[in-house]
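In: Structure here, sequence nowhere to be found:
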């Protein structure tokens, strides 16, 4: 079988996972990205970042594939890929069992028609392609060891080694099933117990279908909402409740460019949107776990509040460049870790206070220490909200007085005041009211351009920014305020490409990076919400349907999209995009969603 290029279209991948980690499966039967035992551990399959020799696991027909059909089993994260050849048809059934002790990937090859010669190629490389393990045969499988990591592979078909690759040639006929199981364990511990592939498949299917059965959404977009919620659950690190932004690193915002970041961490700015997405759909347990993760992660010195943390709340996320990887379609550098963790972004104070406030509104009981932590954060913000920061988009250039940052600082004080007034908490509410009023007046004075009838990206700027769409969504100004309507119109006029929203203009002086990226999908969902709030519901519906059409064939979204090339861009799948999809679906419903609720907190 001919070796195929690793840089397949991002939209050609599907997600499988076990709520601890995840893998990406290409539509040619190749798993090109897998981190074990958790999301941010060193990948053992990293072909996604430029070269099949850096780790992958492909099971595919030996002959040319004429047609591919794939789907998730309804209400699950079990992927079925049908591969059609001149010899017949086979189906790959891929899943990761819900974690008991060790992570596993289970793949079952099913013969559907004819007799199809198959080939399995397994290239194991830890540390993002840099470490070749020692592989030995054991009974009906093999064992690969390098340092602290070990992998076991079990299958009934004979395997052999060629050029540091494990290979198996076999054939399947109609009705035949051939299982493959790959399991990770610490190399100093005994091998895991052999997995019964069919039993594992049945248990995993039943678990996901039970989970999906709790969903309360009953609107017209049930399929995309359910798929988005499943994706968010898959991106949840179950031991802690943290939700990673994406399971990948360094998938580019521009093909061949340098905007390549590691998203396998948890961002505070996702807090309230994520909380609402789960709460509206009836997943109180997941929402409470996310809120609890949030409080644990930010505990400590309020002055050292970070914008992101590891899945278990880790704070040190040093950024490194992996110079041996060529990157996705030559997009370099490939980075792990994220230096933005050291940035100041004032908006996260607002997200933390808003998330805890909305949790109270929805009946999620806080722990005893929660309010003390919240008041400490507000007191810290009191002394720093007047300062510039790097803003929501994590610029790597000069700090500015970003409008969105100031608006979210206003949110922090506003939600603290409401906690006192509505939930009988105690705090210096008059002092907080003075700060809230001062921020509001300053933003309306220094960020609004009356000649153009729009708010601007930062004080003294003429640039627009899609984050301005948050102003009515968080209740800073009412949707019918002429300044809000003018800002919406300006963004649609100046930042939209093919009806979809860019974060800011390519020539925005604040960025500090080479220009060029796709439209930002979450921002476009925010436009949907703004249109719905301002009574332009038909426009909102059309734009929402346009966004749904961008999803790939199994319903997944990346961070960005290139309208000209019609390709997904950025890390994939992106939690923020799927959170925004769920919330917009609710915002378009008669009962209303997060945008309606947050503006009337």
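Out: Received, thanks. Remember, it's a predicted structure, so these values are computed and weren't measured experimentally.
In: Can you name the next helix or strand after the helix or strand harbouring residue 120?
Out: Residue 120 is part of strand 104-123, with elements assigned from DSSP states H and E. Remark: after strand 104-123, the chain's next helix or strand is helix 126-129, criterion DSSP H and E.
In: Show me which positions of that following helix end up buried.
Out: 126-129 (16 or more other Cβ atoms under 10 Å). Bear in mind the C-beta positions are built from the backbone N, C-alpha and C, glycine included.
In: Which single one of the residues you listed is nearest to residue 196?
Out: Lowest distance from residue 196 to the buried residues of helix 126-129 (Cβ to Cβ) belongs to residue 126, with 27.2 Å.
In: so what's residue 197 up against?
Out: With contact set as Cβ atoms under 8 Å, 6 or more residues apart in numbering, residue 197 has these partners: 106, 108, 179-181.
In: Can I get the buried residues of helix 126-129 in TSV including pLDDT?
Out: As requested, the buried residues of helix 126-129 are exported to TSV (pLDDT from 0 to 100):
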residue	pLDDT
126	95
127	95
128	96
129	94
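In: who touches the helix or strand harbouring residue 434?
Out: Assigned by DSSP H and E, residue 434 belongs to helix 429-446. Contact partners of helix 429-446, identified using Cβ under 8 Å, 6+ apart, comprise 378, 382, 385, 401, 403, 406-407, 409-410, 413-414, 416-417, 420-421, 455, 459-460, 476, 483.
In: Stretch 312-322 now?
Out: By Cβ under 8 Å, 6+ apart, stretch 312-322 touches 49, 128, 130, 237, 239-240, 242, 262, 265, 293, 296-297, 306, 308-310, 333-339, 341.
In: Closest one to residue 137 out of the buried residues of helix 126-129, please.
Out: For the buried residues of helix 126-129, the closest approach to residue 137 (Cβ to Cβ) belongs to residue 126, at 19.8 Å.
In: wait, the closest one sits on residue 42?
Out: Yes: judged on Cβ atoms under 8 Å, residue 126 makes contact with residue 42 at a distance of 5.4 Å.
In: Contacts only, for the closest residue to residue 405 other than its chain neighbours.
Out: Computed as Cβ to Cβ, 6 or more residues apart in numbering, the closest residue to residue 405 that is not its neighbour in sequence is residue 346, at 4.2 Å. When contacts are counted by Cβ under 8 Å, 6+ apart, residue 346 touches 381, 384-385, 387, 389, 405-406, 408-409.
In: Format the residues you listed as JSON lines; extra columns: distance to residue 64, secondary structure and pLDDT.
Out: Supplementary listing: the contacts of residue 346 in JSON lines, determined by distance: Cβ to Cβ, whole Å; DSSP: H, G, I helix; E, B strand; the rest coil; pLDDT from 0 to 100:
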{"residue": "381", "distance to residue 64": "61", "secondary structure": "helix", "pLDDT": "96"}
{"residue": "384", "distance to residue 64": "61", "secondary structure": "coil", "pLDDT": "95"}
{"residue": "385", "distance to residue 64": "61", "secondary structure": "coil", "pLDDT": "96"}
{"residue": "387", "distance to residue 64": "61", "secondary structure": "coil", "pLDDT": "96"}
{"residue": "389", "distance to residue 64": "54", "secondary structure": "strand", "pLDDT": "93"}
{"residue": "405", "distance to residue 64": "54", "secondary structure": "helix", "pLDDT": "97"}
{"residue": "406", "distance to residue 64": "58", "secondary structure": "helix", "pLDDT": "98"}
{"residue": "408", "distance to residue 64": "53", "secondary structure": "helix", "pLDDT": "97"}
{"residue": "409", "distance to residue 64": "58", "secondary structure": "helix", "pLDDT": "98"}
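In: Now for the residues you listed: which two are most distant?
Out: The span of these, defined through Cβ to Cβ, is set by 387 and 408 at 13.9 Å.
In: So which of the two has more stuff around it?
Out: Using other Cβ atoms under 10 Å, the more surrounded residue of residue 387 and residue 408 is residue 408, with 29 against 11.
In: For that one, list the residues it contacts.
Out: Taking Cβ under 8 Å, 6+ apart, we find residue 408 in contact with 346-351, 470, 474.
In: where in this protein is pLDDT low?
Out: Within the chain, the segments meeting pLDDT under 70 span 1-6, 507-512, 590-601.
In: Hmm, residue 331 is touching residue 249, no?
Out: No: between residue 331 and residue 249 no contact is recorded; they are 11.4 Å apart, counting by Cβ under 8 Å.
In: The residue nearest to residue 405 and residue 89, how far apart?
Out: The span separating residue 346 from residue 89 equals 56 Å under the rule Cβ to Cβ, to the nearest Å.
In: rewinding a little: list buried residues within the contacts of stretch 312-322.
Out: When these are checked for burial by 16+ other Cβ under 10 Å, the buried set is 49, 128, 237, 240, 242, 262, 265, 293, 296-297, 306, 308-310, 334-338, 341.
In: quick one: which of the residues you listed sit in strands?
Out: Secondary structure assignment (DSSP state E) places 237, 242, 308-309, 335-336 from these within strands.
In: Can I get the residues you listed in TSV including distance to residue 117?
Out: Below are these laid out as TSV (distance: Cβ to Cβ, whole Å):
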residue	distance to residue 117
237	40
242	44
308	47
309	48
335	40
336	38
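In: from these, which single one is nearest residue 575?
Out: Here the nearest of these to residue 575, counting by Cβ to Cβ, is residue 242; it sits at 10.9 Å.
In: Report the contact partners of residue 366.
Out: Contact partners of residue 366, counting by Cβ under 8 Å, 6+ apart, are 295, 356, 359-360.
In: between these, which is closest to residue 371?
Out: Looking at those and their distance to residue 371, the nearest is residue 356, at 8.4 Å (Cβ to Cβ).
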